[in-house]
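Student: need a structure here:
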Amino acid sequence: MNVADFDYDLPPRFIAQTPVERRDSSRLLHLDRRTGAISHHIFADIAALLRPDDVLVLNNTRVMPARLQARKAETGGRVEILLLTKLDERRWEALVGGRNIREGLELTFSGSGVTCSITRELDKSRRLIEFSEPIDRLLQASGEAPLPPYISAALADSERYQTVYSAITGSAAAPTAGLHFTRELLDKIQRRGVELANCTLHIGLDTFQPVAAERVEDHKIHSEYARLDRANSEVINAGIRKGGRVIAVGTTSARALETAAKRAADENQERRAVAPFADHTDLFITPGYRWRIVDAMVTNFHLPRSTLLMMLSAFAGREVMLGAYECAKEMDYRFYSFGDAMFVD
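Tutor: Prediction:
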């Protein structure tokens, strides 16, 4: 497959720069992936699209305040650090912005007493860095929530880049499909007989990057830490046994669920089941993938040539999905992290 097959044109005016005033007042495009039929709603209407015994699976990751401002110890030059992956209590993989960011460079953080050094140069601006001490207090005092590069507007309330059910800090970006839910909407959904379950997948920034390779098969997918505990796996499996649908809120939940379903199959469990796990996943879902567990998906509108658009194309069909994107543009939907949503079933 060619990566160009997942390209589409998106004028900048479609890219949402700020969230809507109320989370569940964003727009919702409902796509029937079997027929290609489309209908238009507001997000709060999703409660009516769900059925008793469905299981709605939420990614409860929380975005780290992962952007830090530093200075070069020798010259005082400014350096920006964006933490990506925690390797241990003091070592991280990060994007480091600045001039001449070489191995051995020492950095300081104003007023904190914390320092760090560049221990290895990776590709482009990626570096391995080691702090002088664990940085929980530094992040709490000085860290900023990183917004995607296509958002230029300042965010008045940093909690709008967190889901209302976020609980476990570790992501470099938000699971944006979940940004549309309010606590009141989740309560309403539960009153309809829909079960809620949680998984955790800590999102890396690679998730949102366009694929640079010409062929999909040549792209090396990133690895992300994911977890599904036993209690939540039992909720999901009970819903399946009742005949309910497994509905992933976001591509991140879908990736975690399909990883858990593969674990169940490897353990010789029943065909339609998930197994608890806690590990890194490098599952790359592209057209031709055989879905094991996800029946429907809540998702935002994704970047051209991205692995997320490839996953949605694997779920609904490339032509159907790209057709839905063109319809969304015709109807002036808002795209990307603070944009509108789709419900694909």
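
Student: break the protein into its domains for me.
Tutor: Here the domain parsing of the chain from automatic domain parsing is 3-63+155-344, 67-142.

Student: pLDDT below threshold where in this protein?
Tutor: Low-confidence segments of the chain (pLDDT under 70): 206-210, 269-270.

Student: can you report how many residues lie near the residue nearest to G178 when sequence neighbours are not counted?
Tutor: The shortest distance from G178 to any residue other than its chain neighbours is 3.9 Å, reached at T163 (C-beta to C-beta, 6 or more residues apart in numbering). Yep, even glycine has a C-beta here, placed from its N, CA and C like the rest. Neighbour count of T163, defined by other C-beta atoms under 10 Å: 24.

Student: let me know the secondary structure of T163.
Tutor: State at T163, reduced to three classes by DSSP: H, G, I helix; E, B strand; the rest coil: coil.

Student: which ones are touching it?
Tutor: By C-beta atoms under 8 Å, 6 or more residues apart in numbering, the contact list for T163 reads 58-60, 174-175, 178-179, 181.

Student: and the strands in the stretch 201-345 of the chain?
Tutor: Using DSSP state E, counting those that start in this stretch, the strands of the stretch 201-345 of the chain run over residues 224-228, 246-249, 277-281, 296-300, 341-344.

Student: which residues does S171 bridge with?
Tutor: For S171, the beta-bridge partners are V63 (DSSP bridges).

Student: pretty sure it contacts P65?
Tutor: No: with contact defined as C-beta atoms under 8 Å, S171 and P65 do not form a contacting pair (11.1 Å).

Student: distance of the closest residue to R90 other than its chain neighbours relative to V274?
Tutor: Counting by C-beta to C-beta, 6+ apart, F131 is the residue found nearest to R90 once chain neighbours are left out, at 4.8 Å. Distance from F131 to V274, counting by C-beta to C-beta, to the nearest Å: 36 Å.

Student: quick one, which of those two is more surrounded?
Tutor: Higher neighbour count among F131 and V274: V274, with 30 against 18, using other C-beta under 10 Å.

Student: where's that one relative to A296, distance?
Tutor: On the measure of C-beta to C-beta, V274 and A296 end up 16 Å apart.

Student: mind putting the domains of the chain into CSV with distance to P149?
Tutor: Below are the domains of the chain laid out as CSV (distance: least, C-beta to C-beta, whole Å):
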stretch, distance to P149
domain 3-63+155-344, 9
domain 67-142, 10
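
Student: looking at these, which is nearest to P148?
Tutor: Closest of the domains of the chain to P148 is domain 3-63+155-344, at 5.4 Å (criterion: C-beta to C-beta).

Student: tell me what the helix or strand harbouring H30 is packed against?
Tutor: Using DSSP states H and E, H30 maps to strand 27-31. When contacts are defined as 3 or more C-beta pairs under 8 Å, 6 or more residues apart in numbering; DSSP states H and E, strand 27-31 sits against strand 38-42, helix 318-330, strand 341-344.

Student: given the first one, what are its sheet partners and their directions?
Tutor: Within its sheet, and counting by DSSP bridges, strand 38-42 is paired with strand 27-31 (antiparallel).
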